[in-house]
Every structure is written in C-alpha cells, then in structure tokens.
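> Based on what follows, work out the 3D shape:
(2 chains)
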Protein chains: 2
Amino acid sequence: MATTEVPDIVIGRLPIYLRALTLMDEAGQEFTSSQELGQKLGIGSAQIRKDLSHFGEFGKQGTGYEIKYLREQISKILHVDRDWSVALVGFGDLGQAIANYAGFANEGFHIQAIFENDSTKIGQKVNDQVVVEDITGLSERITQQKIKIAIVAVPAPVAQEVADKLVDAGVKAILSYAPITLSIPDTVRVQYIDPVTHMQRMTYYLD
Amino acid sequence: MATTEVPDIVIGRLPIYLRALTLMDEAGQEFTSSQELGQKLGIGSAQIRKDLSHFGEFGKQGTGYEIKYLREQISKILHVDRDWSVALVGFGDLGQAIANYAGFANEGFHIQAIFENDSTKIGQKVNDQVVVEDITGLSERITQQKIKIAIVAVPAPVAQEVADKLVDAGVKAILSYAPITLSIPDTVRVQYIDPVTHMQRMTYYLD
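Take a look at the predicted model:
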C-alpha cells in the first residue's frame, strides 16, 4: 500500500496525526474530520486530506473519519502496529531520562539494550529489566538481537564513532540527541533531537 | 534586516547552518562553501544559497563563506548573539536532565527559574544556582523576571494548563516535551520535542 514515492515530509506528518487520533480515541471520541484535526494541529484541512489520500480512502462524506479505524491504518502504514526493540547508547543524565521515559514503551518502542563506557554505570539494572552493558560489546549484542533502532545519547565528540559502530552492526534507524550532523549511509535513517535548534528557531521571532 | 516575510521553514534551517558553522569554527576552519555545507548537512547547495540570500550577501566568488563572519551574522539574525533567560516547568527525570544539559547554557539559554508541584523537590538547589520553586509562584516569578522563553517538561494531562499560565505570564516562546499539541495564541511560538514521533517517522522505512 505505502510506496517509497510518498514524500518524506508527508511521512513526517503521519505521526502527528496518529498522536492526535490516539488522544481523541482515548478520550472516547468516535469520529473526526480533516477540519477538526487541522484546527487541533495547526495544519490546513486540505493538506491533511491530501496527505492521507496517498494511502487510500479513509473518510466518508458526511461522517468524516472513524477515529479507531484511521488510527489503526496509520499505525500499519508507519509499521508501529508491532513492537520494536531499541538500543540506547549513553547512560548519562539524558540516557537515564530516556531509559525511564514511559512514552517509548507505551508506543511499542522497548529499550532492550543499554551501552555505556563509564565503568561505574556498567552492571546497573534499569527498570528491573535491562542491565547497562560495556560499550565494547555493542556490535555483538546488536547483531545477536537483530536490533534495528538505536538512540544515541552520548557527547558530540564520540557520536560519529558510535553511529559508525551501530551502522556496522546492522542498525537501520538512529535517533540522535548529539548536537552534530552524523555522516550516515543512505540506507540508514537518522532523526535528530536538538533542543537548542528548536530554541533558536523561536528566538528569531522574539525581540 | 530580517523581515517577517522569510518563510518559517527557512528560519528552521538557520540553526542547522549555525550549528555546522560553529563546529567548523571551533575546529579552526576559516572558509567554507555552500557545497561543503550542503554535503555535511544533506541539504542542496542551491537551497543553502537561496536561504541565506533572504538576509544579504554573505559569500564571495572564489573564496566562499568566511565561517566566523557567517556564524556571527546568523547568530544576529536568530537573536542568539545575546543571553536568554529561560523558565523550566517540571523537575522529574526529564526536567532534571534538561536542567543539567550544558548545551543550553553554552548557546546562551540560561535556566533561571524551575517550577515543580512535588513538594519533595521544591527547595532543591540545581547547579549551585537555581532553587526549584513551587509552581503556584510561576506567574509572579515569570512576570517579575520578564522571562520570555519556557520549557515545558510536565506530563501530558497538565501541559495545556501549564502552557496557559505561561502565556498569561507573558512567555512568548515555549519548547514543549509533552506529547500533545498545545492550544496557543498566534502571538506565542511553540516547538515540540517528541522523540516518539521521530521514531515513527523512521519505522515507516523499516520492514
């Protein structure tokens, strides 16, 4: 159903739609419209209809979208109708917050391996489940567990080296919190979380 | 120099350029080109030249861009050639990681006030400087200190209420880590950090 021809910017909006639909569904709402979604998200209703039309016909004249159904469909399109194993590299303040963030597991992203080079942290048990491992065992563990997604929460100077190791071990998607642009082959997806760039995008509009 | 007519998507790329220039500058590099920048960032060189042309003529035929100068100019355009006071709301795992994140202060964003409703955390001193305050004093403190930027690191169910209070107190830019879309007047900028949506954008491309 989904083809590689859908622009990445459209793919980038689907998780936003999914989040809104999930909240509506959990609040007990049954139907919505592109107008209502658009208002909630600050996106034009025509844009929303066009984005969804890449994947099929989800709305009905008069009744709009059935929330549960659309939520399921977008989950399938995004491949989040299943559980994903995730590796976390770096267990400093940020890594610890990430490991404890319930939002990942709630959405099917399970941190199954954690790596660190600080010997005082290696061996620590997280959430009664995952033991922090020595980063030297990263490649072996990730290959063995066939983990495809990794979160990089290490300092900028070592981020590229960590990313290289992840790619070599077969990781296909990297979420990086390190404030540098990684050099990554085209076959691997990368997304960045850098709060400073978000801040700087806003200060432009402040006096 | 900067006008409001520059598309927001262009503004969104300036912090990415600035980050790359800062790294090059710190590494001692003196000149760069739109080609080199483009390769590092995965953005077309024509796009970079077009983006920068909104604000003036920064490059020279033959030598390209002088890194220090371009870095200074983009800093001015984004209003990050100065220090900004920031309020942080929420001092759970995430809030603590944010408060301890050196990246903000390094770029001139100083967390000057921290608010929490958990009485066991109120009164705690962070980085030997800022004392965690009761959230009931939020409006008064923010108005008093004329803080214009706030970071929201509270659970989703209370995020809208917190955002409303921040807006009422005069905050003009909100960086929200809560996984909901906030309802905010047009006069206030908002940026979201939701790692789950970044993850979901990548799983689309995974089998």
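
> need the longest strand for chain A.
Counting residues, the longest strand found in chain A (DSSP state E) is strand A:109-116.

> can you map out the helices along chain A?
With DSSP state H as the criterion, chain A has helices at A:8-26, A:34-41, A:45-53, A:67-77, A:93-99, A:102-106, A:138-145, A:156-168, A:195-203.

> Pipe the ones you listed into CSV and attach mean pLDDT per row.
Shown next, in CSV, are the helices of chain A (pLDDT from 0 to 100):
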stretch, mean pLDDT
helix A:8-26, 93
helix A:34-41, 91
helix A:45-53, 94
helix A:67-77, 97
helix A:93-99, 91
helix A:102-106, 88
helix A:138-145, 97
helix A:156-168, 96
helix A:195-203, 95
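
> can the ones you listed go into CSV with extra columns for distance to A:Lys60?
To be clear about C-beta, it is placed using only N, CA and C from the backbone, and glycine gets the same treatment. Converted to CSV, the helices of chain A look like this (distance: least, Cβ to Cβ, whole Å):
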stretch, distance to A:Lys60
helix A:8-26, 16
helix A:34-41, 12
helix A:45-53, 12
helix A:67-77, 10
helix A:93-99, 40
helix A:102-106, 30
helix A:138-145, 43
helix A:156-168, 44
helix A:195-203, 37
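
> how about a markdown table for those helices, with mean neighbour count and distance to chain B added?
Below are the helices of chain A laid out as a markdown table (neighbours: other Cβ atoms under 10 Å in any protein chain shown; distance: least, Cβ to the nearest Cβ, whole Å):
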| stretch | mean neighbour count | distance to chain B |
| --- | --- | --- |
| helix A:8-26 | 18 | 4 |
| helix A:34-41 | 17 | 5 |
| helix A:45-53 | 16 | 13 |
| helix A:67-77 | 18 | 7 |
| helix A:93-99 | 23 | 4 |
| helix A:102-106 | 15 | 5 |
| helix A:138-145 | 16 | 15 |
| helix A:156-168 | 17 | 8 |
| helix A:195-203 | 22 | 4 |
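
> Name all residues that make contact with A:Val10.
By Cβ atoms under 8 Å, 6 or more residues apart in numbering or on different chains, A:Val10 lies in contact with A:Asp51, A:His54.

> Just list the residues touching the residue nearest to the spatial centre of chain A, thanks.
Closest to where the C-alpha atoms of chain A average out (Cα atoms, centre = their mean) is A:Leu175, at 7.0 Å. A:Leu175 is in contact with A:Ile149, A:Ala150, A:Ile151, A:Val152, A:Val190, A:Gln191, A:Ile193, B:Pro195, B:His198, B:Met199, B:Met202, counting by Cβ under 8 Å, 6+ apart.

> Considering the residues you listed, which is situated nearest to B:Gln61?
Using Cβ to Cβ, the shortest approach to B:Gln61 within these belongs to A:Val190, at 33.6 Å.

> Run through the bridge partners of the closest one.
A:Ile174 (DSSP bridges).

> And the pLDDT for it?
A:Val190 carries a pLDDT value of 96.

> tally of neighbours for it?
19 (other Cβ atoms under 10 Å in any protein chain shown).

> Distance-wise, check it relative to A:Gly28.
A:Val190 sits 37 Å away from A:Gly28, taking Cβ to Cβ, to the nearest Å as the criterion.

> same thing with A:Ala169?
Using Cβ to Cβ, A:Ala169 is found at 44 Å from A:Gly28.

> same deal with A:Val152?
Relative to A:Gly28, A:Val152 is positioned 38 Å away (Cβ to Cβ).

> More neighbours: which of the two?
A:Val152 (25 against 7).

> If the more buried one is in a bridge, with which residues?
Going by DSSP bridges, A:Val152 is paired in beta bridges with A:Val89, A:Ser176.

> which one is A:Asn100 nearest to, not counting chain neighbours?
Once flanking residues are discounted, A:Asn100 sits nearest to B:Asp93: 4.8 Å by Cβ to Cβ, 6 or more residues apart in numbering or on different chains.

> you'd agree the one you found is up against A:Ala97?
Yes. Contact status for B:Asp93 versus A:Ala97: in contact at 4.4 Å, counting by Cβ atoms under 8 Å.

> Domains in chain A, by residue range?
Listed domain ranges for chain A are A:8-77, A:84-197 (source: automatic domain parsing).

> Columns distance to B:Gln144 on top of the ones you listed, output as a markdown table?
Shown next, in a markdown table, are the domains of chain A (distance: least, Cβ to Cβ, whole Å):
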| stretch | distance to B:Gln144 |
| --- | --- |
| domain A:8-77 | 31 |
| domain A:84-197 | 25 |
